[in-house]
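J.: no letters, just coordinates:
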């Protein structure tokens with residue numbers, strides 16, 4: 001069975017983001033008239049096998065009544081749940097119908113025939129689903145599930161950038177609000193950022209692009225391509241907390257550990273890692289290489305979810321939790337399905353241009369999940385704009 005070791009970096013987790021307490025979970029299920037019994041045990045036994053590596057039997061008896069109820073509600077209402085890689089294991093593996101990174105979920109949102117989409121992720125992901133599926137009901141279980149990157153920039157900022165940098169294409173990370181996407185030329189994810197940057201500049205006949213809003217992703221993309229990249233002062237509050245010193249500590253504490261870093265981490269972290277790539281690329285790397293011991297420098301739950309299919313790999317987990325992702329709980333998903341809340345609406349004057357930017361990304365030919373060579377340095381003259 002895969003093992004996950006909590007490293008001392010767990011103290012860096014955002015406050016208030018710990019998994020739900022036993023008392024809280026018990027009260028949550030009971031308040032909804034749900035309880036662990038023989039029927040629930042039989043109904044969920046196969047699901048527990050998927051998460052037994054990270055969920056104890058005692059915890060499972062608290063989660064299972066909600067999981068069983070959610071899966072029944074999905075069938076009744078014709079709903080699907082899109083579960084991001086950063087969801088906790090009981091959500092990701094036990095109620096998620098489509099699972100993956102933001103690019104995978106965007107594609108599934110566009111393809112699904114389900115009349116109701118529940119976004120087990122953050123608000124910009126729910127907006128993306130609504131942009132691509134305007135005739136469907138899109139629900140976000142908790143309206144407080146935001147994103148530090150999405151909050152770092154507005155549509156008005158993008159309009160001002162375009163005025164000051166005419167003739168330069170604007171590439172917008174999907175981790176942005178609908179109004180920001182509406183002002184951009186094309187979207188990207190960490191999986192396809194290099195491909196997008198190189199494609200849009202070639203089509204425009206220029207050697208420069210503006211990449212918003214993640215400064216570290218832009219820096220790391222600039223290291224992988226000959227395109228000149230102008231970045232914005234935005235950062236992910238999970239990934240920016242990792243440091244090269246953390247990697248040194250991990251290597252000292254766990255000799256032989258392989259370090260994999262997400263490209264939203266600072267460039268010095270990417271350069272100190274053994275491999276860097278999108279969430280999909282990190283998962284693929286683990287499956288292809290089967291390291292004896294590995295650490296994923298990204299959001300905590302990613303390790304839990306990747307470990308599910310890799311019993312022979314030991315995962316060391318420096319636990320940086322996303323406080324926004326962790327607002328999405330089984331309880332919130334259950335209530336969203338029962339009460340039809342909280343519905344996400346995107347006005348047509350924003351949705352239509354935002355969809356053009358997303359469609360431009362989705363129209364690109366499929367490429368291998370984004371990989372970043374740690375040996376390539378960031379250009380010393382990279383320009384960063386913003387407040």
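T.: Received the coordinates, thanks. Please read these numbers as outputs of a predicted model, since none were measured by experiment. Residues are numbered from 1 along each chain as shown.

J.: where do the helices sit along the stretch 251-387 of the chain?
T.: Ranges of helices in the stretch 251-387 of the chain, per DSSP state H, counting those that start in this stretch, are 267-272, 279-289, 300-307, 330-339, 348-362.

J.: of these, which approaches residue 210 most closely?
T.: Relative to residue 210, the nearest member of the helices of the stretch 251-387 of the chain by CB to CB is helix 348-362, separated by 13.2 Å. Every C-beta, even on glycine, is put in place using the N, C-alpha and C of the backbone.

J.: helices and strands around that closest one, which ones?
T.: On a contact count with 3 or more CB pairs under 8 Å, 6 or more residues apart in numbering; DSSP states H and E, helix 348-362 meets helix 102-111, helix 123-132, helix 178-182, strand 186-188.

J.: counting contacts, what elements does the shortest one pack onto?
T.: I take that to be strand 186-188. For strand 186-188, the packing partners by 3+ CB pairs under 8 Å, 6+ apart come out as strand 170-173, helix 193-204, helix 348-362.

J.: surely residue 263 meets residue 190?
T.: Yes. When contacts are counted by CB atoms under 8 Å, residue 263 is listed as touching residue 190 (5.4 Å).

J.: the closest residue to residue 115 other than its chain neighbours: how many residues sit nearby?
T.: Nearest non-adjacent residue to residue 115, counting by CB to CB, 6 or more residues apart in numbering: residue 78, 5.0 Å away. For residue 78, the count of nearby residues is 11 (other CB atoms under 10 Å).

J.: quick check: pLDDT value at residue 78.
T.: pLDDT, residue 78: 96.

J.: residue 221 against residue 197, yeah?
T.: Yes. The pair residue 221 and residue 197 qualifies as a contact (CB under 8 Å) at a distance of 5.9 Å.

J.: what residues do those two have in common as contacts?
T.: Counting by CB atoms under 8 Å, 6 or more residues apart in numbering, the contacts common to residue 221 and residue 197 are 211, 229.

J.: if I look at the residue nearest to residue 187 when sequence neighbours are not counted, how far off is residue 349?
T.: Counting by CB to CB, 6+ apart, residue 361 is the residue found nearest to residue 187 once chain neighbours are left out, at 4.4 Å. Shown here: residue 361 relative to residue 349, a distance of 21 Å by CB to CB, to the nearest Å.

J.: what's the longest helix belonging to the chain packed up against?
T.: Using DSSP state H to define each element, the chain has its longest helix at helix 57-77. Contacts defined by 3+ CB pairs under 8 Å, 6+ apart place helix 57-77 against helix 22-31, helix 38-51, strand 79-84, helix 330-339.

J.: please redo it, this time with the cut-off set to 7 Å
T.: helix 22-31, helix 38-51, helix 330-339 (3 or more CB pairs under 7 Å, 6 or more residues apart in numbering; DSSP states H and E).

J.: how about it: buried residues?
T.: Neighbour counts over helix 57-77 (16 or more other CB atoms under 10 Å) mark 59-71, 73-74, 77 as buried.

J.: where does the protein have low pLDDT?
T.: Under the criterion pLDDT under 70, the flagged ranges of the chain are 1-27, 319.

J.: quick check: domain ranges of this protein?
T.: Annotated domains of the chain cover 15-147+324-339, 150-233+357-368+375-385, 239-317 [automatic domain parsing].

J.: can you check the distance spanned by the second one, start to finish?
T.: The stretch domain 150-233+357-368+375-385 measures 16 Å between its terminal residues, going by CA to CA, to the nearest Å.

J.: then the shortest one?
T.: Domain 239-317 has an end-to-end distance of 14 Å (criterion: CA to CA).

J.: and that domain, how far from the chain's centre?
T.: 15 Å (CA atoms, centre = their mean, to the nearest Å).

J.: same check on the first one?
T.: When distances are taken as CA atoms, centre = their mean, domain 15-147+324-339 is centred 15 Å away from the chain's centroid.

J.: picking up where we left off before, so which of the helices and strands packed on strand 186-188 comes closest to residue 231?
T.: strand 170-173 (10.6 Å).

J.: neighbouring strands - and their directions - for the closest one?
T.: According to DSSP bridges, strand 170-173 forms sheet pairs with strand 186-188 (parallel), strand 208-212 (parallel).
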